[in-house]
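*Asks:* 3D model of this:
(one chain, ligands or ions: 1)
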Amino acid sequence: MKILLTGGTGGLGREIVRAAEDAGHTVRVASRRARPDDAPAGREWARMDVETGAGVREALAGVDAVIHAASDPKRHAVVDVQGTRRLAEAARAAGTAHLVYVSIVGIDQIPFAYYRAKLAAEQVVAASGVPHSILRATQFHSLVDAMLSGFARTPLVLPLPKTFRFQSVATSEAAERLVRAVKAGPGGRLPDFGGPEVLTLGEMAEAWKAARGIRRPTVHLPLPGPLAAAFRAGKNTSDGERGTIRWHDWLRDPAQVARS
Ligand SMILES: NC(=O)c1ccc[n+]([C@@H]2O[C@H](COP(=O)([O-])OP(=O)(O)OC[C@H]3O[C@@H](n4cnc5c(N)ncnc54)[C@H](OP(=O)(O)O)[C@@H]3O)[C@@H](O)[C@H]2O)c1
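*Replies:* Model (predicted):
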């Protein structure tokens, strides 16, 4: 199949390219950037911006399916909501047979502006008239890694909300699941896809410190409010399908970490 992949230059997108090409598909990477000189010959490229609509119609020409993984948490209203609407309308006009949307577990239960935008984008896809699948994934291991690096900017100690819970998943496994969804055809809202285990951020931080050679003590950072309460309650976790790569193993696998 020929797959148009929005967000194909992002952390998840790069893994989707790998998984889709390994499965024998042709990928057309959609990006606001120019095709890099070192892109392999068999990989197609489309300059496209979902915010302005530039290149969207041309990018959709002749593809069998679209995986829509483009997103911008800082500009979610124009990129995630309006951009998804623009893409879905163009896909309907083009007669696209399958639009696969990448979403996030718990977005309907966690009071966070970016998640509200993801929920609105899901609704746009579901109402678009384009045959579709929606896959909600849990946070990626690479996101937790980046989050812990952010907390570690404080000198001497590692302050973090230790009781937050995560069921993080490897992007490689989320990517493989999305490629399977393309092959299976339009399935509507698919079972959630998450990591193999639920851990507290405190537990994750201990493994992360060991893997990174960081010795400073972790200090609990109590965070007030409904958003923090949702992460403490694990509203971002799910009993759905699970990947197999555990946080501890991901941290110890340089190939996985390098991919993030
Ligand atoms: N990170 C997580 O933990 C997590 C967990 C579950 C689900 N997800 C979802 O997975 C998807 C991918 O996340 P990610 O973390 O891999 O993203 P990412 O690394 O931040 O990449 C974002 C991508 O969006 C593209 N993009 C941004 N604005 C665009 C625009 N106006 N037009 C076209 N493309 C645009 C970028 O492409 P160019 O810069 O090349 O144009 C880039 O490839 C998102 O839908 C996200 O909500 C993420």
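*Asks:* nearest to the ligand: which residue in this protein?
*Replies:* Scanning the chain for the residue nearest the ligand gives G10, at 2.2 Å (criterion: CB to the nearest ligand atom). Heads up, the C-betas are built off the backbone N, CA and C, glycines and all.
*Asks:* got phi/psi on that residue?
*Replies:* phi -80, psi -180 (degrees, to the nearest 10).
*Asks:* beta partners of T6?
*Replies:* A30, H68 (DSSP bridges).
*Asks:* how about the residues of this structure by the ligand?
*Replies:* Residues of the chain that fall close to the ligand, judged by CB under 6 Å from any ligand atom: 6-7, 9-13, 31-33, 48-51, 69-72, 79, 83, 102, 104, 118, 137, 139-140, 143.
*Asks:* in strands only, show me those.
*Replies:* 6, 31, 102, 104, 137 (DSSP state E).
*Asks:* for the residues you listed, give me JSON lines that also has neighbour count.
*Replies:* Shown next, in JSON lines, are those (neighbours: other CB atoms under 10 Å):
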{"residue": "T6", "neighbour count": "27"}
{"residue": "S31", "neighbour count": "22"}
{"residue": "V102", "neighbour count": "28"}
{"residue": "I104", "neighbour count": "20"}
{"residue": "A137", "neighbour count": "27"}
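*Asks:* need those residues in JSON lines with pLDDT, can you?
*Replies:* Listed next are these as JSON lines, based on pLDDT from 0 to 100:
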{"residue": "T6", "pLDDT": "98"}
{"residue": "S31", "pLDDT": "98"}
{"residue": "V102", "pLDDT": "98"}
{"residue": "I104", "pLDDT": "98"}
{"residue": "A137", "pLDDT": "98"}
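*Asks:* of these, closest to R92?
*Replies:* Nearest to R92 out of those is T6 (CB to CB; 15.7 Å).
*Asks:* before we move on, back to that, give me the buried subset of the residues of the chain next to the ligand.
*Replies:* Taking 16 or more other CB atoms under 10 Å as the criterion, what is buried in the residues of the chain next to the ligand is 6-7, 9-13, 31, 48-51, 69-72, 79, 83, 102, 104, 118, 137, 139-140, 143.
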